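Q: The following comprises the amino acid sequence and a computationally predicted model.
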Amino acid sequence: SMDKLKTALPVLERLNDAGHEAYIVGGAVRNYLLDLTLNDIDITTSALPDEVEALFERTVPIGKEHGTIMVIMDETFEVTTFRVDGDYIDHRRPDHVIFVKNLKEDLIRRDFTINAMALDESMHVVDYVGGREDINRRLIRAVGVADDRFAEDALRMIRAARFQSVLDFQIEDVTYEAMKNNASLIQHVAIERIITEFTKLLQGLNPAAGIQSLATCGLMRHIPLFRTCSSLFQPERPVSLEVYIAYHLFTAACDDHEIKSLKLSNDSIKTIKNAVTIMKILSHQPDSDTLKMLVFKYPLSLIESCRAVVGSDSDVTAIYQSLPIYNRQSLVVDGHALISHLDVKPGPWLKYALADIEQAVVTGRLHNDRDTILEWVEQHVEI
Ligand code: ATP
Ligand code: MG
């Protein structure tokens, strides 16, 4: 984490040399102090966006109206002008920002003390809010008056539970009470932003604790789909959003009509459906042929995570490793070969014949060998 952090020092130096203040800020400082890997490095500076663009060869104006310029060196950095948020409308993030002159204002508008520290060119930590102390105590504490901060931007409540899970920290009492008081405001926040934080929560070290907080504070009661759940799954291990949702559908704990309200991608919806199917199969004492077809058809990683969730002891990885083929293209016989060998017109039979061959080969009843397959087809397939 130290090495990655150092890649940002030349950016700070160049800004400093041009007479601007510049600091590494937010998650990178937090993770550096915790000796965790850094995801991305954010830099905050007194320089205006135009000044940042003028100082670096390769830049992308990824959010110029909010003060953010991406600077590309060996790594990429998001460089943002010191700013505070404009007026909050309706408990959501405001749509405009106000550039400010000093670092302190930029830091105290941030959500939690552990996220509100800065690091200068000489690796000195700037901390106006007791962030370092909270890191040592492993606490998530809102900057300033928690009630006000959650009323400004209700997403911060989900973020509190996200960091609780990801870092395996506790939420400080006053902050936690404020989550209970403001829970219903989460309805005003775009579902896409909620899902982004919730996905990170599920992939954290302690998803059970994060979910528990969201449930106890009454936040889950205001999130589509989960608000209909009779019981909430509290996973002990990291899990994807798709498998998490699938488990609720599998146990019929919630109303699947509400899936649409989560505005997930088509890929995610498909993965959820597959995961529900996999869970059903795994939980019905599948025989070995069924398991072979299962690992042939669906991604092993998805099956493994479904297996962990439903608590099946089938050794799906071993079954996968002993499969004779991994896709239909590996069959030595294809549709053309069948048509010319059997000398019949193509038709719906072809699809069924290929599926039968595939199943017989995958389950080990038929060798993936041209003559063997063609002979088998003559005996077994109705045309
Ligand atoms: P990660 O390592 O997961 O990226 P992060 O702390 O960098 O964690 P981001 O969501 O990338 O989290 O946000 C970057 C920083 O911006 C945070 O550390 C925090 O200082 C600030 N921030 C982000 N979202 C909010 C918010 N809703 N309200 C106030 N400050 C926020
Ligand atoms: Mg980040």
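A: Perfect, I can see it now. This structure is a prediction, so every number in the text was calculated from the model and none was measured. Ligands and ions are numbered 1, 2, ... in the order given.
Q: drop to CA atoms for contacts and neighbour counts, all remaining ones
A: Fine.
Q: Near ligand 1, which residues of the protein are found?
A: Contact residues (C-alpha under 6 Å from any ligand atom) of the chain with ligand 1: Gly26, Gly27, Asn39, Arg110, Asp111, Asn115, Ala116, Leu155, Arg156.
Q: With pLDDT added, can I get those in a markdown table?
A: Converted to a markdown table, the residues of the chain next to ligand 1 look like this (pLDDT from 0 to 100):
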| residue | pLDDT |
| --- | --- |
| Gly26 | 96 |
| Gly27 | 97 |
| Asn39 | 89 |
| Arg110 | 97 |
| Asp111 | 98 |
| Asn115 | 98 |
| Ala116 | 98 |
| Leu155 | 98 |
| Arg156 | 98 |
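Q: Can you tell me which of the residues you listed is closest to Ala246?
A: For those, the residue nearest Ala246 by C-alpha to C-alpha is Leu155; the value is 24.0 Å.
Q: List every C-alpha atom in the helix of greatest length in the chain, with coordinates, as PDB.
A: Looking across the chain with DSSP state H, the single longest helix is helix 266-282. Extracted C-alpha coordinates of helix 266-282, given in PDB (Å, rounded to 0.1, in the frame of the first residue of the first chain):
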ATOM      1  CA  ASN A 266     -29.800  -7.800 -17.800                       C
ATOM      2  CA  ASP A 267     -26.600  -9.700 -17.000                       C
ATOM      3  CA  SER A 268     -27.300  -9.400 -13.300                       C
ATOM      4  CA  ILE A 269     -30.900 -10.600 -13.700                       C
ATOM      5  CA  LYS A 270     -29.800 -13.600 -15.800                       C
ATOM      6  CA  THR A 271     -27.200 -14.400 -13.100                       C
ATOM      7  CA  ILE A 272     -29.800 -14.200 -10.400                       C
ATOM      8  CA  LYS A 273     -32.100 -16.600 -12.400                       C
ATOM      9  CA  ASN A 274     -29.200 -19.000 -12.900                       C
ATOM     10  CA  ALA A 275     -28.300 -18.900  -9.300                       C
ATOM     11  CA  VAL A 276     -31.900 -19.700  -8.200                       C
ATOM     12  CA  THR A 277     -31.800 -22.700 -10.500                       C
ATOM     13  CA  ILE A 278     -28.500 -23.900  -9.200                       C
ATOM     14  CA  MET A 279     -29.600 -23.500  -5.600                       C
ATOM     15  CA  LYS A 280     -32.700 -25.600  -6.300                       C
ATOM     16  CA  ILE A 281     -30.700 -28.400  -7.900                       C
ATOM     17  CA  LEU A 282     -28.000 -28.400  -5.200                       C
END
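Q: Can you tell me the closest non-neighbouring residue to Asp369?
A: Spatially, and ignoring its direct neighbours in sequence, Asp369 is nearest to Val332 (6.3 Å; C-alpha to C-alpha, 6 or more residues apart in numbering).
Q: May I see the buried residues of the following helix or strand past the longest helix of the chain?
A: Counting by DSSP states H and E, the next helix or strand C-terminal to helix 266-282 is helix 288-297. Neighbour counts over helix 288-297 (16 or more other C-alpha atoms under 10 Å) mark Leu291, Lys292, Met293, Leu294, Val295, Phe296 as buried.
Q: so what secondary structure elements neighbour the helix or strand just after helix 288-297?
A: Downstream of helix 288-297, the next assigned helix or strand under DSSP H and E is helix 300-310. With contacts taken as 3 or more C-alpha pairs under 8 Å, 6 or more residues apart in numbering; DSSP states H and E, helix 300-310 sits against helix 241-250, helix 266-282, helix 316-321.
Q: which of the ones you listed sits most buried?
A: helix 241-250 (a mean of 22; mean count of other C-alpha atoms under 10 Å).
Q: could I have stretch 54-61 exported to PDB, CA atoms only?
A: Taking C-alpha atoms only, stretch 54-61 is exported to PDB below (Å, rounded to 0.1, in the frame of the first residue of the first chain):
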ATOM      1  CA  ALA A  54      -2.500  22.900 -17.800                       C
ATOM      2  CA  LEU A  55       0.100  21.200 -15.500                       C
ATOM      3  CA  PHE A  56      -0.200  17.600 -16.800                       C
ATOM      4  CA  GLU A  57       0.300  16.100 -20.200                       C
ATOM      5  CA  ARG A  58      -2.400  13.500 -20.000                       C
ATOM      6  CA  THR A  59      -5.700  14.400 -18.500                       C
ATOM      7  CA  VAL A  60      -9.400  13.600 -18.900                       C
ATOM      8  CA  PRO A  61     -12.100  16.000 -17.700                       C
END
